[in-house]
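Peer 1: Turn this into a structure:
(one chain, ligands or ions: 2)
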Amino acid sequence: MRILFLGDVMGRGGRQAVAERLPGLRRDWRLDFVVVNGENATGGRGLSTEHAKGILEAGADVITLGDHAFDQKDMMRFCETEPRIIRPLNYSKSAPGIGARVFEATRGRKVLVAQVLGQVFMSRPYDDPFSALEPVLKAHPPGGTVAASLIDIHCEATSEKMGVGHFCDGRASIVVGTHTHVPTADATILPRGTAFQSDAGMCGDYDSVIGMQKDEPLRRFITGMPGGRFTPAMEEVTLSGLYVETDDRTGLATRVEMVRQGGRLSQCGPA
Ligand SMILES: [Fe+2]
Ligand SMILES: [Fe+2]
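Peer 2: Residues are numbered from 1 along each chain as shown. Ligands and ions are numbered 1, 2, ... in the order given. I've put the predicted structure just below:
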């Protein structure tokens, strides 16, 4: 199966780039399944119902969220009615929505998508991601009823992301990191067959500070004092993510390619 994952969509620029370019990538790369992280798509903070619908219409099969899952209040209700939204498994016991679900890809093949939050350097003390993942991995072994599975590990530390990657190695098709908005250059297939990248990067303008117009973050770094609001940068957007091919029979990865399309970053992809 050909699977594309796109990292955190950043504000209006990110949404527009996804809407304009994802249909072409779906066609040109003959994608069977697309997952997009949408936690920053609405003004950099959360994801509104309207913007979630736009990303789904552009060709995402599933949207994952993150620590900003419910920054837009309407997502609390929308994620209960729209099955194609996945919030972190370990967000909180009382969070609405669901953290793992099996979806259908082309030719009726089943794909598991799950997301967990890490604990290192995060703003809240989330529950242990490893014990949150364990029952999900156990219920959907590769080569079983699902043809492929994708785990989005949403956290700051590359160490924790690599830990989750190795924890899932041979038990999931893909483990891909989100949240830092900067792609890491470590896309690989781990020893037991799981495609892995510590961070997919964002779908946003990289002439910025992790997607925000650079003036205000710089002011705060230099002076320690806020002077205004953070606003998403929206000039030249790079779609950043990970392309993976998987074997339906084993459920494991056979090819992995980093994806950086458009904008200022050096370009890469499967084509
Ligand atoms: Fe995040
Ligand atoms: Fe993010």
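Peer 1: Provide the secondary structure category for Val116.
Peer 2: strand (DSSP: H, G, I helix; E, B strand; the rest coil).
Peer 1: and it, what does it touch?
Peer 2: By Cβ atoms under 8 Å, 6 or more residues apart in numbering, Val116 lies in contact with 88-90, 99, 129, 132-133, 151-154, 164. Using the backbone N, CA and C atoms, a C-beta is placed for each residue, glycine as well.
Peer 1: How about Glu160?
Peer 2: 118-120, 129, 153.
Peer 1: Met212 too?
Peer 2: Neighbours of Met212 in contact, by Cβ under 8 Å, 6+ apart: 44, 230-233.
Peer 1: State the pLDDT value of it.
Peer 2: pLDDT for Met212: 98.
Peer 1: what bridges to it?
Peer 2: Beta-bridge pairing for Met212 (DSSP bridges): Val209, Pro232.
Peer 1: follow-up on the earlier one: among the contacts of Val116, who's most crowded?
Peer 2: Most neighbours among those, by other Cβ atoms under 10 Å: His154, with 31 neighbours.
Peer 1: Need the three-state assignment for the closest residue to Ala185 other than its chain neighbours.
Peer 2: Nearest residue to Ala185 in three dimensions, chain neighbours excluded: Met258, at 7.3 Å (Cβ to Cβ, 6 or more residues apart in numbering). Three-state call for Met258 (three-state DSSP): strand.
Peer 1: mind showing which ranges of the stretch 51-200 of the chain have poor pLDDT?
Peer 2: Counting by pLDDT under 70, not a single residue of the stretch 51-200 of the chain qualifies.
Peer 1: So which bits of it are right by ligand 1?
Peer 2: Applying Cβ under 5 Å from the ion, we find that the stretch 51-200 of the chain lies next to ligand 1 at 66-67, 179.
Peer 1: For those residues, could you give me CSV that also reports neighbour count?
Peer 2: As requested, those are exported to CSV (neighbours: other Cβ atoms under 10 Å):
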residue, neighbour count
Gly66, 23
Asp67, 20
His179, 27
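Peer 1: which one of the residues you listed is nearest Gly263?
Peer 2: His179 (19.5 Å; Cβ to Cβ).
Peer 1: Skipping adjacent residues, who's closest to the closest one in space?
Peer 2: His179 sits nearest to His154 (Cβ to Cβ, 6+ apart), 4.7 Å away.
Peer 1: mind listing what that neighbour touches?
Peer 2: Contacts of His154 (Cβ under 8 Å, 6+ apart): 37, 39, 64, 66-67, 88, 115-118, 177-179.
Peer 1: what's the answer for Met225, then?
Peer 2: Applying Cβ under 8 Å, 6+ apart, the residues contacting Met225 are Arg219.
Peer 1: Tell me which stretches of the stretch 1-150 of the chain form strands.
Peer 2: In the stretch 1-150 of the chain, the strands defined using DSSP state E, counting those that start in this stretch lie at 2-6, 33-37, 62-64, 85-86, 100-104, 110-117, 148-154.
Peer 1: Spell out whether the last one and ligand 2 are in contact.
Peer 2: No. Applying Cβ under 5 Å from the ion, one finds strand 148-154 separated from ligand 2 by no less than 7.7 Å.
Peer 1: OK, contacts around Tyr126?
Peer 2: Counting by Cβ under 8 Å, 6+ apart, the residues that Tyr126 touches are 88, 90-92, 117-119.
Peer 1: Of the residues you listed, just say which sits nearest to Cys79.
Peer 2: Of these, the one sitting nearest to Cys79 (Cβ to Cβ) turns out to be Tyr91, at 10.5 Å.
Peer 1: Walking through the stretch 51-200 of the chain, point out its helices one by one.
Peer 2: 74-81, 129-139, 158-168 (DSSP state H, counting those that start in this stretch).
Peer 1: winner for burial among the ones you listed?
Peer 2: helix 158-168 (a mean of 20; mean count of other Cβ atoms under 10 Å).
Peer 1: With just CA atoms, put that helix into PDB.
Peer 2: Below are the C-alpha coordinates for helix 158-168, written out as PDB (Å, rounded to 0.1, in the frame of the first residue of the first chain):
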ATOM      1  CA  THR A 158      13.600  13.000  19.500                       C
ATOM      2  CA  SER A 159      14.800  10.600  22.200                       C
ATOM      3  CA  GLU A 160      11.200   9.800  23.200                       C
ATOM      4  CA  LYS A 161      10.100   9.500  19.600                       C
ATOM      5  CA  MET A 162      12.900   7.000  18.800                       C
ATOM      6  CA  GLY A 163      11.900   5.100  21.900                       C
ATOM      7  CA  VAL A 164       8.300   4.800  20.700                       C
ATOM      8  CA  GLY A 165       9.600   3.800  17.200                       C
ATOM      9  CA  HIS A 166      11.600   0.900  18.700                       C
ATOM     10  CA  PHE A 167       8.800   0.000  21.000                       C
ATOM     11  CA  CYS A 168       6.500  -0.400  17.900                       C
END
